[in-house]
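A.B. asks: I'll drop the sequence and a predicted model, then ask my questions.
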Amino acid sequence: MKIIVADDLPDSALQLLTSEGWSVDARSGRNPEQLAADLAGADALVVRSATKVTSGLIAAADSLRVIARAGTGVDNVDVPAASVRGIVVMNAPGANSISVAELAMGLMLALARHLPAADAAMKQGKWEKKKFLGEELRDKTLGLMGLGRIGREVARRASGFQMRVVAHDPFISEQVAGGMGIELVSMDDLLVRADYISLHLPSTPQTKQLLNASRLQKMKKGVRIINTARGDLIDETALADAIESGHVGGAGLDVFTKEPTVDHRLQMLPQVIATPHIAASTREGQELVGVETAAALRDFLKDGLIRNAVNFPSVSAEEYKKLQPFVTLAERLGTFIAQMVDGRVKSVSVRYYGDLATSRTDLLANAVLTGMFKPILSSGVTLVNARTVAAERGIEVVESRSSRQRDYTSLLSVKVVATGGERRVEGAVFERTVARLVLLDGVAVEAPLDGTMIVTCNTDTPGVIGQVGTILGRHNVNIATFALGRDGDRAVGVVIVDEPEDRPVPEVVVDELRQVKAIREARIVRV
């Protein structure tokens, strides 16, 4: 593996990667041209917030499989461009939650007690005790906009100061909030009631300038605003106006729309405590973020485990261990059936039976599609972008499930409808890890899904197996295993053959098999 680390990571994080024997190029401060050149042939890119991962940079990284952002957000990564390329984008959510929550509380306390101004006066030799009359946080109402990991940590600390906590988050249930002693309210209700408002939202088109002039005017007079999330959540001009007018009592800001700041009006106001995006900058937070990012990256590159991905459903290590054999099965069934269909594919149906129907299946349909596209597209299709590739080609994807076990504890069924007809295959996992074909077009047949196969569909008459063996022998094609399935007058044969790299099975073999009177179809399938 070749890994490019473009921003600073702690030594402990780098050690996790180098201990695998991988090539780790850890250098910060590269310009975009240098970074693009270094990314040639790289499997992974690790960044913090300094490096901007643009679509152009992604296009230059011909072998890139994963981009890891050592931090909470991914604002500096072009996630759509990465997704189109099938590149996993992961981050480290929650690793620095405590650090950010503690700064939010620190800013709140500093605003309540005028700490920066009092300190500045003392450094000027002034003793202005009466000037810095503060207030307690006790019995004040804290409004949390966003109740994710960081918002919850702030709520826990605020409760220790005996604050009343209300929150607005449409994706949190009342039961979860109530269990923490938090009242869920509408945004308008929060704006009216809160003495302090702390922002803990991602930057999206819907949240951009969420606190605008109109919403600022709805707030209680003297309200104080804390922002340790994203700068563009606030209309900075409107906030400066509201502070200067006296409607907003002050603000503690760690983030700004443009960083480093170029318009210093807001940060220069005496009612504003400004810090240079340091919420996550603690020794403990930086160490934990780096180690968590490196560990997730290692698990992906080494075992295919996807955790903390922002453009693909993440699975836990326990879930992945259970699903991994079925992901392999799904991909191989997709590769198999893609070589059995004729014409343009119109739809793909994936059905889960038995225990598999109650498991996480979002990976499996994508794995089927990934396997299907492999014989058609030489590269660029992964679990991340397989559905996008299908949609671009007008292929309908249908998923369904049944608790019926169908002679197997878990069974995966794939049906493809193409302009040349319809094919159906089913597969199961044997001995916990071995992917096997168990049905082809309604005929039960048991064969390993591995290697080079010669698949025949024929009328069930005597002598067919002998003729197949004779033809293969005449062309020096060695048979490894032979599986036969029968259903009425139909028969299916799956012959797994040895195929050295320097001596592929000649197409003439298939041509001769098709000349056998009973054989209706013969194909070479490579999985």
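C.D. replies: Received it, and whenever you're ready, just let me know what you need.
A.B. asks: can you list the weak-confidence ranges in this structure?
C.D. replies: In the predicted model, the chain carries pLDDT under 70 at residues 375-380.
A.B. asks: what residue is smack in the middle of it?
C.D. replies: Against the mean C-alpha coordinate of the chain, by Cα atoms, centre = their mean, the closest residue is residue 309 at 2.3 Å.
A.B. asks: Skip the chain neighbours and tell me the closest residue to that residue.
C.D. replies: In space, not counting the residues next to it along the chain, residue 309 is nearest to residue 90; the distance is 4.8 Å by Cβ to Cβ, 6 or more residues apart in numbering. All C-beta spots, glycine's among them, are computed from the backbone N, C-alpha and C.
A.B. asks: and that neighbour, backbone torsions?
C.D. replies: According to degrees, to the nearest 10, the main-chain angles of residue 90 amount to phi -130, psi 160.
A.B. asks: same thing with residue 176?
C.D. replies: Dihedral angles phi and psi of residue 176 (degrees, to the nearest 10) take the values phi -60, psi -50.
A.B. asks: Distance check, it against residue 186.
C.D. replies: From residue 176 over to residue 186 the distance is 17 Å, taken as Cβ to Cβ, to the nearest Å.
A.B. asks: in stretch 255-270, what counts as buried?
C.D. replies: Neighbour-count burial for stretch 255-270, with 16 or more other Cβ atoms under 10 Å as criterion, is recorded at 255, 256, 257, 261, 266, 267, 269.
A.B. asks: what about the nearest residue to the third one once chain neighbours are set aside, neighbour count?
C.D. replies: Spatially, and ignoring its direct neighbours in sequence, residue 257 is nearest to residue 231 (4.3 Å; Cβ to Cβ, 6+ apart). Applying the criterion other Cβ atoms under 10 Å, we find 18 residues in the vicinity of residue 231.
A.B. asks: Tell me the spacing between residue 231 and residue 203.
C.D. replies: 8 Å.
A.B. asks: Pull the contacting residues for the residue nearest to residue 309.
C.D. replies: With contacts defined as Cβ atoms under 8 Å, 6 or more residues apart in numbering, residue 90 is in contact with 66-69, 293, 296-297, 300, 306-310.
A.B. asks: I figured the residue nearest to residue 257 was touching residue 251, is that so?
C.D. replies: No. Taking Cβ atoms under 8 Å as the definition, residue 231 is not a contact partner of residue 251, at 11.9 Å.
A.B. asks: Identify the bridge partners of the residue nearest to residue 309.
C.D. replies: Taking DSSP bridges, one obtains residue 68, residue 309 as the residues bridged to residue 90.
A.B. asks: Pull up the gap between it and residue 68, please.
C.D. replies: From residue 90 over to residue 68 the distance is 5 Å, taken as Cβ to Cβ.
A.B. asks: repeat for residue 472
C.D. replies: If you go by Cβ to Cβ, the gap between residue 472 and residue 68 works out to 48 Å.
A.B. asks: ok, these two, which is more surrounded?
C.D. replies: Neighbour count, other Cβ under 10 Å: between residue 472 and residue 68, residue 68 has more, with 29 against 20.
A.B. asks: how about the helices in the stretch 151-300 of the chain?
C.D. replies: Counting by DSSP state H, counting those that start in this stretch, the stretch 151-300 of the chain has helices at residues 174-179, 187-193, 213-218, 236-245, 265-268, 283-303.
A.B. asks: hmm, who's touching the shortest one?
C.D. replies: So that's helix 265-268. Helix 265-268 is contacted by residues 236, 239, 240, 243, 251, 253, 256, 261, 272, 274 when judged by Cβ under 8 Å, 6+ apart.
A.B. asks: Swap in 6 Å and give it another go.
C.D. replies: Contact partners of helix 265-268, identified using Cβ atoms under 6 Å, 6 or more residues apart in numbering, comprise 236, 240, 274.
A.B. asks: quick one: which of those is nearest to residue 520?
C.D. replies: The shortest separation between residue 520 and any of those is 72.4 Å, and it belongs to residue 236 (by Cβ to Cβ).
A.B. asks: how many other residues sit next to the closest one?
C.D. replies: 22.
A.B. asks: who's in contact with it?
C.D. replies: Taking Cβ under 6 Å, 6+ apart as the definition, contacts of residue 236 comprise 257, 266.
A.B. asks: and what of residue 31?
C.D. replies: Contacts of residue 31 by Cβ under 6 Å, 6+ apart: none found.
A.B. asks: Any figure for the gap between the closest residue to residue 275 other than its chain neighbours and residue 401?
C.D. replies: Across the structure, with Cβ to Cβ, 6+ apart as the measure, the residue nearest residue 275 apart from its sequence neighbours is residue 254 (4.7 Å). Distance, residue 254 to residue 401, by Cβ to Cβ: 46 Å.
A.B. asks: Which one's more surrounded, those two?
C.D. replies: In terms of neighbours (other Cβ under 10 Å), residue 254 is the more surrounded of residue 254 and residue 401; the figures are 23 against 15.
A.B. asks: I'd say residue 489 and residue 460 touch.
C.D. replies: Yes. Under the criterion of Cβ atoms under 6 Å, residue 489 is in contact with residue 460, at a separation of 5.2 Å.
A.B. asks: neighbour-wise, which of these two wins?
C.D. replies: residue 460 (16 against 9).
A.B. asks: ok, the more buried one to residue 453 distance?
C.D. replies: According to Cβ to Cβ, residue 460 stands 20 Å off from residue 453.
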